[in-house]
Every structure is written in structure tokens, then in C-alpha cells.
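Q: Below are the sequence and a predicted model; questions follow.
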There are 2 protein chains.
Amino acid sequence: MAMAGGAAACPPELIAFGHRLADAAGAAIRPLYRVPIAIDAKSDLSPVTAADRAAEAAMRREIATHYPAHGVVGEEFGTSRPEADYVWVLDPIDGTKSFITGKPLFGTLIGLTHRGHAVLGIMDQPISGERWVGAAGRPTTLNGAVARTRACPDLARAVLFTTAIERLPERSRAAFARLQGAVALTQYSADCYAVGLLAIGFADLVVEDDVQPYDYMALIPIVEGAGGLMTDWQGRSLGLTGDGSMLAAGDAASHRAAVEALSG
Amino acid sequence: MAMAGGAAACPPELIAFGHRLADAAGAAIRPLYRVPIAIDAKSDLSPVTAADRAAEAAMRREIATHYPAHGVVGEEFGTSRPEADYVWVLDPIDGTKSFITGKPLFGTLIGLTHRGHAVLGIMDQPISGERWVGAAGRPTTLNGAVARTRACPDLARAVLFTTAIERLPERSRAAFARLQGAVALTQYSADCYAVGLLAIGFADLVVEDDVQPYDYMALIPIVEGAGGLMTDWQGRSLGLTGDGSMLAAGDAASHRAAVEALSG
């Protein structure tokens, strides 16, 4: 179980420290945003890779300095001390395709687990200056204002987000098509920002597959603290291991209906 | 021919007036952004409709006051004096699906034609504060800084944007699939913002179909003034009438290759 409801409250000092990590990541990323890219340079020196690495390295330095006993799982530099009580789960740039196309809707994801339970999640948008924060036992906020999902009792009225159909593995496209056929509107290419929109009541479902813990761990407390649910496509809690599928829903009824549609 | 190259220069006072229209539209739109929507209220009182109408009405008031002899073609309130020398072509909110989902990537499009030639185009993003301006005889700018498309001589390295596959009419999906199969990356759901990214060298192709003059007229001077090309899928100039298809390219070689792919 990784539900915030079952998790201990997140100590305020760790929430404050999460903000510090987001600040450090944003400072590393912003100078590399919209730096011209030669489109034939797909090397490791590309701005997105440089920004990804610089941001994760900056966060890891902060953690090593202030909480050396904590574990870290990061997209760029792997896993350290996964057995620690507290483990930070970091995706320095979620939405690299937005980043490389100069589109501002990419975010830094900072999750914190306590004995396997997600207790803190921050989604920072370094260009727009929007920051979503979810912490076990507290309401989710967007730039300090309380965020709530909206009611959506009827799937036929739901707004669904996914990154792109072709981003979904072949095996899950039929299931996705069933869900897409049941909703009012599908929108694409928003990555983690879509979950932020769900948390403030402007989207109803976000569905991805073939994702990693650093893609969703930070989003769990954000969604749950806003009144929503975050599971895999079968409705099971998300943890550090899983089948790679992810379903965020703002409303329990549309969550149930989405699980049904996705499982055929 | 609607190419900026063939058009008279745009009088500076009309460029300044275009900014005034964009300011008026933004002031009408911003208070309605992220106003909670009941998802079952698809009536004419929805925030997007209210914002669309308020923004177009504000621009039409300015035009009626300062340039009463000018024509207007608008998405919401139709056509007045289309035979006038100068005709303003207005889309108050391009990207209504972004607007209703609280995503900031929608824009106000303000085009101006002189005897049928597009001589001025403004794409204003009222939330991010970004404003692209293209005027015949001048370089395109983004918030005052000169904008240039990037070289992309090889389609296999191109970044392609379209709003959504399902937004394309059935008849044009095979052509689109050919193009998509030839490029490096396809991105979705950015509407007019995609053309802005092309104009600053972060995207190479933008393809839409079944669009109206108010969807593309403002974009012509922006793309051409940045060094790109804007035509229909067959490479023909765009005007107030056409087949509804639209192709923006940052580079003449990838434009040629895209026309070839789209026409089979």
C-alpha cells in the first residue's frame, strides 16, 4: 500500500526541504531552456540531457549535505540506499519532449517515501513558476492555494489526458481505446502537467503506461491530497514496483469506471 | 498570393494598433481562465464561450472606434466589410480545449490583410505573456526579440506538431500518417503555440487540416517573417479561401519534402 491515507504525516522540515530541492532543480534547468539545439545532435551533450543531469545532481548534492542517511532513486543517476527509511524519488525533467521543443509544460518531480509509502510529492514547473505540493495528512496546494479535484460521476463527461497514443505499448492500446471511446475529450502531450490540472479540477483522468516510479511517485500525494485516486490500471496501489501502468482520477466513481474500461 | 514577400509593408500605426487589440483581448480573457467549470454545462454560458465572445467584442469595439472603415472576420461574430482594403481576421481563443482544461497554451490570433495579402500577424499568449509579431517587410519577433526558424534539410530529423490525429478529417489521415512516418518526433495539443515554437526554431513542421482563415491568417506573417513557409498541403499560398489544409515549415527543403509526403 502506498496510499497517503495509510502513510505517516510528512514532517514539516522535509516539506520545506522538498521546496529547497525544487528551487535547486529550477535554477539548474532555466538557463538551458530554449537554448538552440542542432537537431542532428542527439548526443549526451544536448541541452535536455545537460539540464536533466545538472538538476538531478543539484538535488542529490542537497540531499547528501542535509540528509545523508536518506536514499535516492533518480532518473539520471540511479539508486542509492533504497533500504533507508526515507527515499527521495526524483525526475529532474518530466516531459523532455516538451523541453526540447521549447514548450514550457515540463516539470521537476520530487517524491519522498517513508518505508515505502509516498508521503510527499512536489511537481514544480520551472518556467511558469507553478508548484504543486502534496503531503500526507495535508491538502494539496498549487502555489499555496488549496487544490481540489472536481466531481465527475459520469465517464461520458470526463476529460482524459495521456502523453500520446504511440507512447503507450502496443499491448495496452486496445484498453486505452476502450477508455478513450467512453470519455468526452482526450488531450495529449501534457506529461505531469496533466496531473496538476486534475488536482485543480480541470481534468478528470490521466492515464499512462510503461512508466517508472520516478514518473509517478511524486504525483501520488498530490492527487490523493486533492481528493483523487492514483493507482495502476487495475486499481491497485502504486509503489516502487508495479506493472508500469498509472491511472489518476479526480473522482472515485470515474476511477471505478475507468478501471472497468481499461480491464475490458 | 498571400505571401508577405508580395505584400506591401504594414504601416507602423497598424502594428501598434494590433498590440492594442491583443492587450484588449488578454484583459478580457484572463479573468475567465481557470474559472471552475461544471463539466456538464456545455451551454453558451461556459467560460470559454464567455471569454471568446468578450475578447472578440473588445477587439471589434477598438476597430470600430479607431478604424471604422476596416473589415473584420471573426470566429465568434462573423464578417463585416470583407471588401475593405484592410480586413482584420480574429480568433479570440485558438486552443479552446487547452483553455477549458486550464492549460495555458492557448492564444489570441490577430491577422490583418491588405487587399487579400496578410500583412500583419500577432499571436498573443495571455497567460505566459508571450507575444509573437510578424509584419510584412520586418523580421518576426517574440516579445521584441528577433525570431528565426532553424534549418532542417532532412525530414528524418524534423519535429512535427499537429493538434491531434482525431482532429484531422478521415480523408487526410493517410497523408498525415505518411508525413508522421518520415519525421523524427510528433507532438500534439499545442494549437497555435506550435507555430510560435516553429518561428523560434524549436519545431520544424506544423500541420493541420479543416481549419478556417482565422486559424491561420495571423500565422502567415509570423512564419514568413521568421524565414519559414506557410502554405496548404499542396504547397499553394493561403488566402481567405482555400481547401482548409495548413502546412507551416521552418525550412524550404523540409517544406518541399513535407508537401511530397502529404501528396503521396
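A: Noted; the coordinates are in hand.
Q: Quick one: name whatever helix or strand follows the longest helix seen in chain A.
A: Criterion DSSP state H: the longest helix present in chain A is helix A:47-66. The first helix or strand that comes after helix A:47-66 along the chain, using DSSP states H and E, is strand A:71-74.
Q: helices or strands up against that next one?
A: Secondary-structure packing of strand A:71-74 (3 or more C-beta pairs under 8 Å, 6 or more residues apart in numbering or on different chains; DSSP states H and E): helix A:47-66, strand A:78-80, strand A:86-94, helix A:213-216. (Each C-beta comes from the backbone N, C-alpha and C, glycine too.)
Q: Cross-check the contact I'm expecting between A:Ala261 and A:Arg178.
A: Yes - between A:Ala261 and A:Arg178 there is a contact under C-beta atoms under 8 Å: 4.8 Å.
Q: between these two, who's got more neighbours?
A: The residue with more neighbours, out of A:Ala261 and A:Arg178, is A:Ala261; 22 against 15, by other C-beta atoms under 10 Å in any protein chain shown.
Q: Wait, a helix at that one?
A: Yes - residue state for A:Ala261 (DSSP: H, G, I helix; E, B strand; the rest coil) corresponds to a helix.
Q: hmm, back to that, which among the helices and strands packed on strand A:71-74 is found nearest to B:Gly71?
A: helix A:47-66 (44.5 Å; C-beta to C-beta).
Q: Could I get the buried residue list for that closest one?
A: A:47-60, A:62-63 (16 or more other C-beta atoms under 10 Å in any protein chain shown).
Q: Stretch A:172-181 now?
A: A:Ser172, A:Ala175, A:Phe176, A:Leu179, A:Gln180.
Q: Let me see the contact set for the spatially closest residue to A:Ala151 that is not a sequence neighbour.
A: In space, and not counting its chain neighbours, A:Ala151 is closest to A:Asp251: 5.4 Å by C-beta to C-beta, 6 or more residues apart in numbering or on different chains. By C-beta atoms under 8 Å, 6 or more residues apart in numbering or on different chains, the contact set of A:Asp251 is A:Thr149, A:Arg150, A:Ala151, A:Cys152, A:Pro153, A:Asp204, A:Gly228.
Q: For A:Asp251, grab phi and psi.
A: Backbone torsions for A:Asp251, taken as degrees, to the nearest 10, come to phi -140, psi 140.
Q: Give me the distance between it and chain B.
A: In this view, A:Asp251 and chain B are 10 Å apart by C-beta to the nearest C-beta, to the nearest Å.
Q: any weak-confidence spans in chain A?
A: For chain A, the stretches with pLDDT under 70 are A:1-7, A:37-46.
Q: just the strands in it please.
A: With strands called from DSSP state E, chain A shows them at A:71-74, A:78-80, A:86-94, A:107-114, A:117-125, A:130-135, A:141-142, A:145-146, A:159-162, A:185-188, A:205-208, A:229-231, A:246-249.
Q: How many neighbouring residues does A:Tyr188 have?
A: 22.
Q: same check, this time on the one 4 residues further on
A: By the other C-beta under 10 Å criterion, the neighbourhood of A:Cys192 contains 28 residues.
Q: do the same with A:Leu14
A: 17.
Q: how close does A:Met59 sit to chain B?
A: 26 Å.
Q: got a list of what the closest residue to that residue other than its chain neighbours touches?
A: Excluding the flanking residues, the one nearest A:Met59 by C-beta to C-beta, 6+ apart is A:Leu21, at 4.6 Å. By C-beta under 8 Å, 6+ apart, the contact list for A:Leu21 reads A:Met59, A:Glu62, A:Ile63, A:Trp88, A:Leu90, A:Ile110, A:Ile122.
Q: Tell me the bridge partners for the last one.
A: Counting by DSSP bridges, A:Ile122 forms beta bridges with A:Ile110, A:Val133.
Q: can you count the residues close to it?
A: Neighbours around A:Ile122, by other C-beta under 10 Å: 25.
Q: need the contact list for it.
A: A:18-19, A:21-22, A:108-111, A:131-134, A:218.
Q: For the residue lying closest to A:Arg60 once chain neighbours are set aside, list the residues it contacts.
A: What sits nearest to A:Arg60 in space, not counting adjacent residues and going by C-beta to C-beta, 6+ apart, is A:Val72, at 5.9 Å. By C-beta under 8 Å, 6+ apart, the residues touching A:Val72 are A:Arg60, A:Ile63, A:Thr79, A:Ser80, A:Arg81, A:Val87, A:Trp88, A:Leu90.
Q: now do 6 Å
A: Neighbour list for A:Val72: A:Arg60, A:Ile63, A:Ser80, A:Trp88 [criterion: C-beta atoms under 6 Å, 6 or more residues apart in numbering or on different chains].
Q: Could you list which residues are in contact with the third one?
A: Going back to what we said before, that points to A:Ser80. A:Ser80 neighbours (C-beta under 6 Å, 6+ apart): A:Val72.
Q: between the contacts of A:Asp251, which is nearest B:Phe161?
A: Lowest distance from B:Phe161 to the contacts of A:Asp251 (C-beta to C-beta) belongs to A:Asp204, with 25.1 Å.
Q: so how far is chain B from that closest one?
A: Relative to chain B, and taking C-beta to the nearest C-beta, A:Asp204 is found at 7 Å.
Q: Does that residue touch A:Arg157 like I think?
A: No - at 7.8 Å, A:Asp204 does not count as touching A:Arg157 under the criterion of C-beta atoms under 6 Å.
Q: So between the two, which is more surrounded?
A: More crowded of A:Asp204 and A:Arg157, by other C-beta under 10 Å: A:Asp204, with 31 against 18.
Q: Excluding chain neighbours, what is closest to A:Asp243?
A: A:Asp243 sits nearest to A:Asp232 (C-beta to C-beta, 6+ apart), 5.7 Å away.
Q: Tally up the residues packed near that neighbour, please.
A: A:Asp232 has 20 nearby residues by other C-beta under 10 Å.
Q: show me what contacts it?
A: A:Gly242, A:Asp243, A:Ser245.
Q: Name the nearest of these relative to chain B.
A: A:Ser245 (20.7 Å; C-beta to the nearest C-beta).
Q: The closest one and A:Asp209 touch, don't they?
A: Yes - with contacts counted by C-beta under 6 Å, A:Ser245 reaches A:Asp209, the gap being 4.7 Å.
Q: got the residues of chain A near chain B?
A: Residues of chain A lying close to chain B by C-beta under 6 Å from any C-beta of the partner chain are A:Ile39, A:Asp40, A:Thr101, A:Gly102, A:Arg157, A:Val159, A:Gln187, A:Tyr188, A:Ser189, A:Leu197, A:Phe202, A:Ala203.
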